[in-house]
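Student: give me the fold of what follows.
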Amino acid sequence: MRYHVRGFRDSQQHAAAIAGWQQVYAQLGPGRLSSELLLLSGERFQIIHEVFDKRVVQYGKAPADRFCVSLATAPTVDDPRGKAASPRLLMLRGGGEFVLHAPAGMALLSFCVDLERLRRLAEIELGAAEVARLTALPALEVPLARLEAIRLAIFRHVGGLGRRRGDDDGLRERSLEETLMTLLLDLWLELGGNTPRRGVGVSAYLVRQSQALVLAEPARPPSVLELCERLNVSRRTLQDSFQREVGMPPVAFLRSLRLNAVRRKLASAAARGATVGDVAQEMGFSHLSHFAANYHQLFGEYPSETWRRA
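Tutor: So this is what the prediction gives:
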């Protein structure tokens, strides 16, 4: 097994440290970010615990041969809906695309297991049709006490691993894999019938599609009206969807994604002879003074500082 705990000051460096995932972490909250990552990887599983002090959006693809679940292990301090959300276990089938909005102060525990092994074991207990239904769900609503029990069970096994070494490492790895499989199978047996509300899925879809359209045309990102035309929705529907999912207007959210893309590009800009202005233009920022002000507000430093440090 491979185990490490690291701290980061850059959201994308944090994302890149998690092997096997094709993903981007974009900082949305203003100021200098501080995050912590605990990563435990076995041959057929992965345990990830992440803590962020700024709002972050995570998106990308899960490992192709894994089934992954995530749950919050610390309350969010700025829930965008302004009310307590139903506790949920997020689920993602191997190779599936995801978008996850992590408010400031959120701690997230995720684990991945071998998809084919999980399917074989689950079909024995639940049948093939029910397993196909469950593995296609994006989430299950789960009582808070049940989520807490899952968290404690995982941390009980993980605790102290960084200090222990020995010939029984293979035994601990097998024990951890069995624990993760059992936790998920037991939960499916208990709660397989609870599916997320349709409205949540529609809002998430509109946010995800808007994000994809903007990132596909970075030099000339579509406006809110153009997004409404392409997605065939009203401005009110799009606005409500963004407020419900991310707690921000679409203009502010999508601009933050592009600013994060600039920050990633600046890391290699000097090496390829590109200036800050060149990179800003690539991402559709034509007014450099406004761009620099927005960049400083989000990241706590000017783009020229990022460029020089790289």
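Student: looking at this structure, which helix or strand is least sure?
Tutor: Lowest by mean pLDDT, DSSP states H and E among the helices and strands of the chain is helix 198-216, with a mean of 85.
Student: just the CA atoms of it, as CSV, please.
Tutor: The C-alpha trace of helix 198-216 is given here as CSV (Å, rounded to 0.1, in the frame of the first residue of the first chain):
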residue,chain,number,x,y,z
ARG,A,198,-35.3,14.9,-10.1
GLY,A,199,-35.0,18.6,-9.7
VAL,A,200,-31.5,18.3,-8.3
GLY,A,201,-30.4,16.3,-11.3
VAL,A,202,-31.8,18.9,-13.8
SER,A,203,-30.0,21.8,-12.1
ALA,A,204,-26.7,19.8,-12.0
TYR,A,205,-27.1,19.0,-15.7
LEU,A,206,-27.6,22.6,-16.7
VAL,A,207,-24.5,23.7,-14.7
ARG,A,208,-22.4,20.9,-16.1
GLN,A,209,-23.4,21.6,-19.7
SER,A,210,-22.8,25.3,-19.3
GLN,A,211,-19.4,24.6,-17.9
ALA,A,212,-18.6,22.3,-20.8
LEU,A,213,-19.7,24.8,-23.4
VAL,A,214,-17.6,27.6,-21.9
LEU,A,215,-14.5,25.5,-21.6
ALA,A,216,-14.9,24.2,-25.1
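Student: same for it, what does it pack against?
Tutor: strand 97-102, helix 224-231, helix 235-246, helix 250-269 (3 or more C-beta pairs under 8 Å, 6 or more residues apart in numbering; DSSP states H and E). (Glycine included, C-beta is placed from N, CA and C.)
Student: can you give me the buried ones in the first one?
Tutor: If I follow you right, that is strand 97-102. For strand 97-102, burial by neighbour count (16 or more other C-beta atoms under 10 Å) applies to 98-102.
Student: between those, which is closest to residue 130?
Tutor: Nearest to residue 130 out of the buried residues of strand 97-102 is residue 98 (C-beta to C-beta; 22.9 Å).
Student: got a list of what the closest one touches?
Tutor: Residue 98 is in contact with 58-62, 92, counting by C-beta atoms under 8 Å, 6 or more residues apart in numbering.
Student: residue 224 too?
Tutor: With C-beta under 8 Å, 6+ apart, residue 224 has these contacts: 235, 238, 250-251.
Student: looking at the residues you listed, which has the most residues close by?
Tutor: residue 250 (23 neighbours; other C-beta atoms under 10 Å).
Student: what about the spatially closest residue to it that is not a sequence neighbour, distance to residue 251?
Tutor: Among residues not flanking residue 250 along the chain, residue 242 sits closest, at 4.5 Å (C-beta to C-beta, 6 or more residues apart in numbering). Going from residue 242 to residue 251 by C-beta to C-beta, to the nearest Å gives 9 Å.
Student: then residue 1?
Tutor: Residue 1 is 45 Å from residue 251, by C-beta to C-beta.
Student: as CSV, could you dump the C-alpha coordinates of stretch 263-275?
Tutor: The C-alpha coordinates for stretch 263-275 follow below in CSV (Å, rounded to 0.1, in the frame of the first residue of the first chain):
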residue,chain,number,x,y,z
ARG,A,263,-3.6,30.1,-13.5
ARG,A,264,-2.8,26.6,-14.7
LYS,A,265,-1.5,27.9,-18.0
LEU,A,266,0.7,30.5,-16.3
ALA,A,267,2.7,27.7,-14.7
SER,A,268,4.2,26.9,-18.1
ALA,A,269,3.8,30.2,-19.9
ALA,A,270,7.3,31.5,-19.4
ALA,A,271,8.8,28.2,-20.7
ARG,A,272,6.9,28.5,-24.0
GLY,A,273,7.6,32.3,-24.3
ALA,A,274,4.0,33.4,-23.5
THR,A,275,3.2,36.5,-21.6
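Student: hmm, who's touching that stretch?
Tutor: Under the criterion C-beta under 8 Å, 6+ apart, residues 10, 12, 24, 27, 276, 278-279, 282-283, 295, 299, 303, 306-307, 310 lie in contact with stretch 263-275.
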